[in-house]
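Sequence first, then the predicted structure, then my questions.
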Amino acid sequence: MRVLLHYDMDHAEPGLDIVSCSEQDDDRFTALLPDTEVIWHVLRPLGAADMDRAPRLRLIQKLGTGVNTIDLDAAAERGIAVANMPGRNAQAVAETSLLLMLAALRKMVAFDARTRRGEGWPADRALVGGELRGRTVGLLGAGEIAGLLRGMLEAIGARVVYTSRRRRRDDPSWMPLDDLLRTSDIVSVHIPLTEGTHHLLNADRLALLPPGAIVVNTARGAVIDESALAAALKSGRLAGAGLDVFETEPLEEANPLLALENVVVMPHVAWLTRETWARYFAVAAENCRRLSRGEPLLHPLVQPSSS
């Protein structure tokens, strides 16, 4: 079975013919598509035109959870199965969310720049950091990542509240979104990007956060209105942000967020650990074996063609 790993790394699995291709090398990707039966997909958008160039394609296996970069309707129309692997990156993303909170609280960007300039101890009172203990952290979402992060935060001594689509009347830490925003010293995003969540945190909702609040996003960039976030950060109303995802990726140099010392940025790599890759490949290889045997796939989002 020919598998196209759409990422710039080598990997071998018994019984699979795996070829790799950088997500930035569209020419090689296009040349490899005609012989491809399975695509192991990371982030580069995958649409109908790509699928039409791959007449043997039977499965698009998302290496991760979010499938907003895959045209699910186009796959279904062509009888191409799509599967993801929820939870396999949860530990890495939860840890990175915690990292970004701490980095924003402790003003790591400003201190890193000062240290590299040889400036030593700061005289500016604005560069005094803060601690997580005693702060209220609001989690947008109640999935596995949010659950792991909650345990980490509570172990440190933070108060955790959360919101989710389903109202949980019996859980005092559940809040409606707007109430959560009014309460949270830090808000952390852990929900998928859908039509309903696009720009969920717009200017009006960001204005609900207490002055000096921090925003963290390791989910999908477009859940937050970046222009509104940049304005709130630049004005000083929000104290900082820790961002691993953006509305346009890779992040453009002209993005105003990059000019702000109170913003910590990463290039959509919250999931990127050796341990995550091992879990990804275990599921991806198992689904290839199931596909070849005609068995039900793990975590299917689009079922394979019956023909």
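Structure received. All values reported here derive from a predicted model rather than from experimental measurement.

any idea which element R289 lies in?
Taking DSSP states H and E as the definition, R289 sits inside helix 274-293.

after that helix, next one along is what?
For helix 274-293, the succeeding helix or strand toward the C-terminus, using DSSP H and E, is strand 300-302.

From the chain's centroid, how far away is that next one?
For strand 300-302, the gap between its own C-alpha mean and the chain's C-alpha mean amounts to 20 Å (CA atoms, centre = their mean, to the nearest Å).

average pLDDT for that strand?
When pLDDT is averaged along strand 300-302, the result is 96.

Remind me what it packs against, helices and strands.
Secondary-structure packing of strand 300-302 (3 or more CB pairs under 8 Å, 6 or more residues apart in numbering; DSSP states H and E): helix 72-77, strand 81-83. (C-beta placed from N, C-alpha, C; glycine too.)

tell me the most buried of those?
strand 81-83 (a mean of 23; mean count of other CB atoms under 10 Å).

what does it contact?
Counting by CB atoms under 8 Å, 6 or more residues apart in numbering, the neighbours of strand 81-83 from elsewhere in the structure are 58-62, 67, 70, 72, 75, 287, 291, 297-305.

Just checking: what are the partner strands of that strand?
Counting by DSSP bridges, the strands paired with strand 81-83 are strand 59-62 (parallel), strand 300-302 (antiparallel).

Show me the one of those that comes nearest L33.
If you check each of these against L33 by CB to CB, strand 59-62 wins as the nearest, at 11.8 Å.

Would you mind pulling the contact partners of that closest one?
By CB under 8 Å, 6+ apart, the list of residues contacting strand 59-62 reads 37-41, 46, 70, 75, 80-85, 283-284, 287-288, 291, 297, 304.

Please list all residues in contact with the nearest residue to M152 once chain neighbours are set aside.
Taking CB to CB, 6 or more residues apart in numbering, and ignoring the residues beside it in sequence, M152 has L98 as its nearest neighbour in space, at 5.3 Å. Contact partners of L98, counting by CB under 8 Å, 6+ apart, are 149, 152-153.

mind checking which helix or strand L98 is in?
Assessed by DSSP H and E, L98 sits inside helix 90-105.

Tell me the helix or strand right after that helix.
Of the helices and strands lying after helix 90-105 in sequence (DSSP H and E), the nearest is helix 108-116.

who are the neighbours of whichever helix or strand comes after that next one, in terms of helices and strands?
Towards the C-terminus, the helix or strand next in line after helix 108-116, according to DSSP H and E, is strand 136-140. The contact analysis (3+ CB pairs under 8 Å, 6+ apart) places strand 136-140 against helix 144-156, strand 159-163, helix 177-183, strand 186-189.

Touching the last one from outside, list them.
For strand 186-189, contacts defined as CB under 8 Å, 6+ apart pick out 97, 101, 105, 132, 135-141, 146, 149, 180-181, 201, 209, 213-220, 223-224.

Which ChimeraX command selects the buried ones in the residues you listed?
Buried residues within these, as defined by 16 or more other CB atoms under 10 Å, are selected in ChimeraX through the command that follows:
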select :97,101,105,132,135,136,137,138,139,140,141,146,149,180,181,201,209,213,214,215,216,217,218,219,220,223,224
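
roughly how far out does the helix holding L98 sit from the chain middle?
The gap between the average C-alpha position of helix 90-105 and the chain average comes to 12 Å, counting by CA atoms, centre = their mean.

That concludes my questions; thank you for your assistance.
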